[in-house]
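Asks: Coordinates only, no sequence provided:
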């Protein structure tokens, strides 16, 4: 619940301008709340498990009842450090907790324990691809704080219910510089951030359950003009809605300005049913929250040796794995980044590549045919009916000349529909083996040349398309089993 840094200097410091919308430049910054994957809350032993009956997981410490004191959850601090290391940030050896004061029904204490002046994670960069263009977004900070409860409006007629189970749940709030210039870039950043926090195991990333919630600060201005007034779109819990909300907000702000109205700083909500944003309340500034150091919590002091230990225990990070894929497998940066979108996808690729010893072909099949089918069925790579070893074996049969690319697609179709089938058994049962007998193939070629003298004459007269017609006839004569490369070589040799 901090404020995104939104200064003219920060936005201008070496940041490229993006595509203009109706003559306006779009400026976007993000605040993301990642729920940390601890079993207990940030300052108490109460459970963080999702789905419990309302108000069964809020203890006396979470409610700040008289005589209770908060105690820091070491696991939450460790996860914050892991994130800082993953994005190349500075880990503050000493940081401070503060009370952020405001009144809301689901905030039982009347204040939220957060970090303000000295956060635990400072700076850092998130790099990602937008299409094939490499982008980067600078981070201002990532700080630890507790979550509030939840107001339930839909279950009560004319009333609001309060569920305090989430109160005290540990959050890492990740705040960017306002570096993004389009909704597409904002979504690409959010996806990359989601990948990072789930990859290093600090957050389960479940957007439907509220484990990964994004707030987008959006403003527009004419190029070179002072910054426009920003409005904050709260609690975007899907990438689809994120893009829709930002696009609508941009159009709305431009229309307001063009009609002569001033934009007022506000917090807004997105309604996915109407596709519109609407103002919820005027936007507060930091001074309105009357931050002051929490008297019940001492400064958070982090031993440098602990940071070294956590660094040594970190998994191979996506950007380092992508570099290894480039170095070891000869992949392009774009392909390597695409294949490291999750640990499961990266593991699948490595198994395929090691099975067939053809990493580029492995990447092409995974990002092509496999990805297409997974998207249509809305499946994850973990749910792919075709096992990585099977796909590796299939690619191997293409490479050793056993089957053609066209036949491989037929085999893949069977593997997809009947998981567990063996690649070689499918090839055999469907008669998909390529004809590699040069003598038998030569006979078919001779027969086709004799039956198509007109095509032969046209090719010799310089019409290269006539060769394709002959190839088609040969493939038909071999019932699709002839090796296309071998066919072309034989034809060219006989036609001179």
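Replies: That came in fine, so what should we check first? Nothing here was measured: the structure is a model prediction, and the numbers come from that model. Residues are numbered from 1 along each chain as shown.
Asks: the helices in the stretch 301-450 of the chain, which residues?
Replies: Along the stretch 301-450 of the chain, the segments classed as helices by DSSP state H, counting those that start in this stretch run 304-313, 318-329, 333-338, 343-356, 359-365, 371-377, 388-399, 405-417, 423-429, 438-451.
Asks: Is it possible to get JSON lines of the ones you listed that adds mean neighbour count and mean pLDDT?
Replies: To be clear about C-beta, it is placed using only N, CA and C from the backbone, and glycine gets the same treatment. Below are those laid out as JSON lines (neighbours: other Cβ atoms under 10 Å; pLDDT from 0 to 100):
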{"stretch": "helix 304-313", "mean neighbour count": "12", "mean pLDDT": "98"}
{"stretch": "helix 318-329", "mean neighbour count": "17", "mean pLDDT": "96"}
{"stretch": "helix 333-338", "mean neighbour count": "20", "mean pLDDT": "94"}
{"stretch": "helix 343-356", "mean neighbour count": "20", "mean pLDDT": "97"}
{"stretch": "helix 359-365", "mean neighbour count": "20", "mean pLDDT": "97"}
{"stretch": "helix 371-377", "mean neighbour count": "12", "mean pLDDT": "95"}
{"stretch": "helix 388-399", "mean neighbour count": "20", "mean pLDDT": "96"}
{"stretch": "helix 405-417", "mean neighbour count": "17", "mean pLDDT": "93"}
{"stretch": "helix 423-429", "mean neighbour count": "16", "mean pLDDT": "94"}
{"stretch": "helix 438-451", "mean neighbour count": "15", "mean pLDDT": "78"}
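Asks: right, so of the ones you listed, which gets closest to residue 181?
Replies: Closest of the helices of the stretch 301-450 of the chain to residue 181 is helix 333-338, at 20.3 Å (criterion: Cβ to Cβ).
Asks: Which strands and helices lie in contact with that closest one?
Replies: For helix 333-338, the packing partners by 3 or more Cβ pairs under 8 Å, 6 or more residues apart in numbering; DSSP states H and E come out as strand 125-130, helix 318-329, helix 359-365.
Asks: now with 10 Å?
Replies: Contact partners of helix 333-338 among helices and strands, from 3 or more Cβ pairs under 10 Å, 6 or more residues apart in numbering; DSSP states H and E: strand 125-130, strand 133-146, helix 318-329, helix 343-356, helix 359-365.
Asks: any chance of those in TSV, plus distance to residue 441?
Replies: Formatted as TSV, the helices and strands packed on helix 333-338 follow (distance: least, Cβ to Cβ, whole Å):
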stretch	distance to residue 441
strand 125-130	44
strand 133-146	46
helix 318-329	34
helix 343-356	26
helix 359-365	24
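Asks: To residue 27, which of these lies closest?
Replies: Of all the helices and strands packed on helix 333-338, strand 133-146 comes closest under Cβ to Cβ, at 12.5 Å.
Asks: quick one: buried residues of that closest one?
Replies: Buried positions in strand 133-146, judged by neighbour count with 16 or more other Cβ atoms under 10 Å: 135, 137, 138, 139, 140, 141, 142, 143, 144, 145, 146.
Asks: starting at the chain centroid, how far to the following helix or strand past it?
Replies: Heading C-terminal from strand 133-146, the first helix or strand you meet, by DSSP states H and E, is strand 150-152. The chain centroid and the centroid of strand 150-152 are separated by 28 Å, computed with Cα atoms, centre = their mean, to the nearest Å.
Asks: in the stretch 151-300 of the chain, which ranges drop under the pLDDT threshold?
Replies: Along the stretch 151-300 of the chain, segments meeting pLDDT under 70 span 283-284, 286.
Asks: quick one: the helices in it?
Replies: 183-199, 239-258.
Asks: Could you find the closest non-adjacent residue to the most centrally placed residue in the chain?
Replies: Ranked by distance to the mean C-alpha position of the chain (Cα atoms, centre = their mean), the top residue is residue 191 at 2.7 Å. Distances taken as Cβ to Cβ, 6 or more residues apart in numbering place residue 239 nearest to residue 191, at 6.2 Å, with adjacent residues excluded.
Asks: picking up where we left off before, so which of the helices and strands packed on helix 333-338 gets nearest residue 453?
Replies: Here helix 359-365 is closest among those (Cβ to Cβ), at 38.8 Å.
Asks: now what about that closest one, what contacts it?
Replies: 325, 328-332, 335-336, 338-339, 348-356, 358, 370-371, 386, 388, 391-392, 394-396, 398-399, 405, 408-409, 412 (Cβ atoms under 10 Å, 6 or more residues apart in numbering).
Asks: From the chain's centroid, how far away is it?
Replies: Distance, centroid of helix 359-365 to centroid of chain: 21 Å (Cα atoms, centre = their mean).
Asks: With stretch 433-443 instead?
Replies: Counting by Cα atoms, centre = their mean, stretch 433-443 comes out at 48 Å from the chain centroid.
Asks: which of the residues in stretch 475-483 are buried?
Replies: Under the neighbour-count rule (16+ other Cβ under 10 Å), stretch 475-483 has 475, 477, 478, 480, 481, 482, 483 buried.
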